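# fold the following, please.
(chains A, B, C and D)
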Protein chains: 2
Amino acid sequence: MKLDDAAARLEALGNPTRLKIYRTLVRAGEEGMAVGRLQERLDIAASTLSHHLKALIGVGLVTQTREGTTLICNASYDEMHGLIDYMVAECCVDGSCPPAIVSKFKKVA
Amino acid sequence: MKLDDAAARLEALGNPTRLKIYRTLVRAGEEGMAVGRLQERLDIAASTLSHHLKALIGVGLVTQTREGTTLICNASYDEMHGLIDYMVAECCVDGSCPPAIVSKFKKVA
DNA sequence: ATCTTATTTCTAATATTCCGGAAATACCGT
DNA sequence: ACGGTATTTCCGGAATATTAGAAATAAGAT
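Numbering: from 1, shown residues only, chains lettered A, B, ... in the order given. Below you'll find the model as predicted:
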């Protein structure tokens, strides 16, 4: 991943409201969540939510599929994984790695 | 880590210039890098660099130690690791994990 | 065709970010 | 104390982000 792409994704997630949106979608799993449901859950104006979703969609972190009159939002794991890869690559240079990785995973050879 | 703290760190890294700064500091390793050297390297105005460093220091991702007249900057691995932990926790919910982790590490039981 | 629900786009106000020149500060050497 | 190098803070301007009400669009149901 290019630096600018990583920065764009980090910026998209670097807003509390958008991070909440993304986290909610991750927790919604494969099933995803409708925009309206998301709005109730987060209690923000529909237009505001729409703008934030646009930002997340713009960097590929969220996708939408229409189902009748409702739009279902899904977190895009691949994009997030790409971003985490980038961060791990930037961060594990000295051999030290994030606790979550050290505890849940074991280094290969 | 709280959501707001994660968002603040993501926002700090979500600017191409700041991400470049951080990456450069990570690559500089334990030794760190002087503000002046960083400025030559990135070719930006001193005041601009100072603003960006302040932002990174503000969220704990960078630390400074004075050495005579020069200020040495260091990337703070702990803070970055905490952030990556947060992201992995938000993202690995369904058991799928980022390629970098899958390839370099092996899941523990 | 019309109505209803769901969502986005338009518009605008306010707030924040980004940038860099100029001035101020910090520290060291003499 | 003075001069020089290193860095930050002050200031202002341009650009962008955030928020949300109102209007517009999308899709299905009657």
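# which stretches in chain A count as helices?
A:3-13, A:16-28, A:35-42, A:46-58, A:77-91, A:99-104 (DSSP state H).
# turn the ones you listed into a markdown table, including mean pLDDT.
Listed next are the helices of chain A as a markdown table, based on pLDDT from 0 to 100:
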| stretch | mean pLDDT |
| --- | --- |
| helix A:3-13 | 98 |
| helix A:16-28 | 97 |
| helix A:35-42 | 98 |
| helix A:46-58 | 98 |
| helix A:77-91 | 92 |
| helix A:99-104 | 86 |
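# got these as a markdown table, with distance to DNA strand D and mean neighbour count columns?
The way it works is simple: take the backbone N, C-alpha and C, and place the C-beta from them, glycine included. Formatted as a markdown table, these follow (distance: least, C-beta to the nearest atom of the strand, whole Å; neighbours: other C-beta atoms under 10 Å in any protein chain shown):
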| stretch | distance to DNA strand D | mean neighbour count |
| --- | --- | --- |
| helix A:3-13 | 7 | 21 |
| helix A:16-28 | 5 | 19 |
| helix A:35-42 | 10 | 15 |
| helix A:46-58 | 3 | 16 |
| helix A:77-91 | 18 | 20 |
| helix A:99-104 | 27 | 16 |
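# can you lay out these as TSV showing distance to chain B?
Converted to TSV, the helices of chain A look like this (distance: least, C-beta to the nearest C-beta, whole Å):
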stretch	distance to chain B
helix A:3-13	3
helix A:16-28	4
helix A:35-42	12
helix A:46-58	11
helix A:77-91	4
helix A:99-104	4
